[in-house]
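> Task: produce atomic coordinates for the following.
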Amino acid sequence: MTTATERPGGAAPPQASARQRGALTGTGTLLRFMLRRDRVRLPTWVLGLTALWAYFANAIGAVMDAESLAGMATMAANPVMALIGGPGYGFDDITVARLVAGFYALYLMLGAVLMSITTLSRHTRVEEQTGRAELVRANVLGRHAQLTAALLLAVVMNLLVAGLTGLVTLGSAIEPPPEAGPSLLMGAGIGATGLAFAGVGAITTQLSAFSRAGSGIAGAVLGAAFVVRGIGDMSTAQDGGIGWLSWLSPLGWSQQTAPFTLDRWWPLLLSVALAVAGAAVGYALQTRRDLAAGVLPDRLGAARAAAWLRSPFALAYRLQRPSLIGWSVAMVLAGVTFGAFAQPMQEGAADMPEEIVAVMGGTEGLLEGYLGFMGIYFALIVAVYVILSVQSLRGEEQGVRAEPVLATSVSRSSWLGAWTAVTAAGALWLLLLAGLGQGFGAVLGTGDWGLFGPVVLGNAVHVAAAWLFLGLAVALYGLAPRLVGVVWIVFVYGTVLSLFGEMLEFDRAVLDTSPFQHVGQHPAEEVSWVAVGILTVLGAVLVGAGATGFRRRDLVTA
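Reported below is the predicted structural model:
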């Protein structure tokens, strides 16, 4: 038998008091706490993206003369360049400002997106996984306070990026000097894209009980947005009928503002609307789940495990399987789509500028040049998968899920080695799928089955570059886990050189510092098996260094 008692002074019980204060109680306190936690991470992201943009704006302004700008304008009219950069508004009367905003801003948008997705995951789902959110929620805290504070932090970070990139553009060495309005619009486009995917992250962090899965779903949405935008822009460059696809992508919305050409602010309302709608859906989903649980139910396993599941390799595979499935579907679809553009590329060779034809290997080798270039492009995408996979190891360690495994007979070397081996095999698998899809798409368009095998090989051999990034990420994780993010700097450096180095007329010695430059663009070029071997050995050596460091350091669980 229980008896209802009244608290002294007639005070309401704590539960009722919390309900009266509302679902957002404690948001300000949590936001201050998050800002303190990210006192290094926040300026690193913001200043890093700003510095990259300052490099783009000033370096291009310094090296581009009238003749170089004309060459870039003709190259940008090619569908491949539209895939890489965007629709190229104003390139018929090109200036340095229009070139920078229309061709390079896309990669700042991708950086802002990754910043937003990781911020939402770090301060919501990761907190629940580690049990810290339960301790915080034991205080007087509203149900939606943590998600709201994380969203506000993402807003602050994106506003800082938008403002600083706009100011950098305004003060950069560009001729003619850019005006304030278009410069701020360009920065606002970058920030708005980050905000849009903060809304996406608010939803995906509610779906699964694991941060890795939630971030993977958000990454899949980003990949789909990039592919849809790329198809639309490629169609626009060829005067096709599906250019409207660019308007289905949040990346395309910011590009449609066309700074320094059309100066349209209204497409940014679409990004803001997606951010608000995503936050609203995130709140609704959060009310439908328990703390540390996901909206999507966990699938019950079998009563008895198969014998092959008793190894660390099986554990690593089971943990990585959901993300591998998503990446696999994306790579096949992207491969078929971009392979199907091979025939229109060949048919339009007569109308293409001489510069782009020369870069692609000449009129006779244009088809092979395009397919070979796409091999490098897919290698860049797979390198992102590799880096994210290694970063998820920190989640396993900090979430105290690695410790119980290592308390058994599983050694540290076998645990880390199994995860690395599955990731390495996954990278090869994804590039093979991309090659199969691209080869099949090219065959459908051209009817030439002789392209199929070389295209598959041309994609697969680039796995050596992805393995090098795998080795670098594992080395940083084993030796200094807090510095794993440094590998993104190396990745951005290699990506810039691979995609834009020749356009910016960098010396060959500088271009060769990118890991993606050595294997060769097969079938347009012969495969350098020496480079494949060297990159693979370097990756293996770095993995060994990481394994040695991991054996000697303490586990980091907080």
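> before we move on, could you check phi and psi at the residue nearest the centre of the chain?
Centroid-nearest residue in the chain: residue 114, 5.4 Å away (criterion: Cα atoms, centre = their mean). Torsion angles at residue 114 (phi, psi; degrees, to the nearest 10) stand at phi -60, psi -40.
> And it, how far from residue 430?
From residue 114 across to residue 430, the span is 19 Å (Cβ to Cβ, to the nearest Å). All C-beta spots, glycine's among them, are computed from the backbone N, C-alpha and C.
> Let me see the mean pLDDT of stretch 375-389.
For stretch 375-389, the mean pLDDT works out to 91.
> and if you look at stretch 456-465?
94.
> Could you do stretch 516-530 as well?
If you average the pLDDT over stretch 516-530, you get 89.
> cool, and stretch 395-415?
Averaging pLDDT along stretch 395-415 gives 86.
> And the strands in the stretch 451-558 of the chain?
Across the stretch 451-558 of the chain, reading from the start of the chain, there are no strands by DSSP state E, counting those that start in this stretch.
> any idea how far the residue lying closest to residue 533 once chain neighbours are set aside is from residue 418?
In space, not counting the residues next to it along the chain, residue 533 is nearest to residue 464; the distance is 7.8 Å by Cβ to Cβ, 6 or more residues apart in numbering. For residue 464, the distance to residue 418 under the criterion Cβ to Cβ works out to 21 Å.
> For these two, indicate the residue with more neighbours.
The residue with the greater number of neighbours, taking residue 464 and residue 418 and applying other Cβ atoms under 10 Å, is residue 464; the counts read 26 against 18.
> and this structure, what are its domains?
Per the record's domain assignment (automatic domain parsing), the chain is made up of the domains 23-291, 309-558.
> In CSV: these, plus distance to residue 303.
Converted to CSV, these look like this (distance: least, Cβ to Cβ, whole Å):
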stretch, distance to residue 303
domain 23-291, 22
domain 309-558, 13
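> between those domains, which gets the lowest average pLDDT?
For the domains of the chain, the weakest mean pLDDT is recorded on domain 309-558, namely a mean of 85.
> just how off-centre is that one within its chain?
Here domain 309-558 shows a centroid-to-chain-centroid distance of 13 Å under the convention Cα atoms, centre = their mean, to the nearest Å.
> again, but for stretch 100-120
Computed by Cα atoms, centre = their mean, the chain-centroid distance of stretch 100-120 equals 9 Å.
> Now do the same contact list for residue 392.
residue 212 (Cβ atoms under 8 Å, 6 or more residues apart in numbering).
> Pull out the buried positions in stretch 532-551.
Neighbour-count burial for stretch 532-551, counted by 16 or more other Cβ atoms under 10 Å, picks out 532, 535-536, 538-540, 542-547, 549-550.
> what's the closest of those to residue 26?
Top of the list for closeness to residue 26, among the buried residues of stretch 532-551 and by Cβ to Cβ, is residue 550 at 37.6 Å.
> rewinding a little: who are the contact partners of the residue nearest to residue 533?
By Cβ under 8 Å, 6+ apart, the contact list for residue 464 reads 519, 531-533, 535-536, 539.
> switch the cut-off to 6 Å
Shown here is residue 464, whose contacts under the criterion Cβ atoms under 6 Å, 6 or more residues apart in numbering are 532, 535-536.
> Over to residue 419?
The neighbours of residue 419, taking Cβ under 6 Å, 6+ apart as the test, are residue 316.
> Buried ones in the helix or strand containing it, by neighbour count?
Secondary structure assigned from DSSP states H and E places residue 419 in helix 412-446. By neighbour count with 16+ other Cβ under 10 Å, helix 412-446 contains the buried residues 412, 414-443, 445-446.
> try stretch 181-200
Using 16+ other Cβ under 10 Å as the burial criterion, the residues of stretch 181-200 that qualify are 182-200.
> Now do it: everything it contacts.
The contact list for stretch 181-200 (Cβ under 6 Å, 6+ apart) reads 101, 108-109, 112-113, 116-117, 154, 158, 161-162, 165-166, 169-170, 218, 221, 250, 254, 257, 259-260, 263, 268, 271, 274-275, 278-279.
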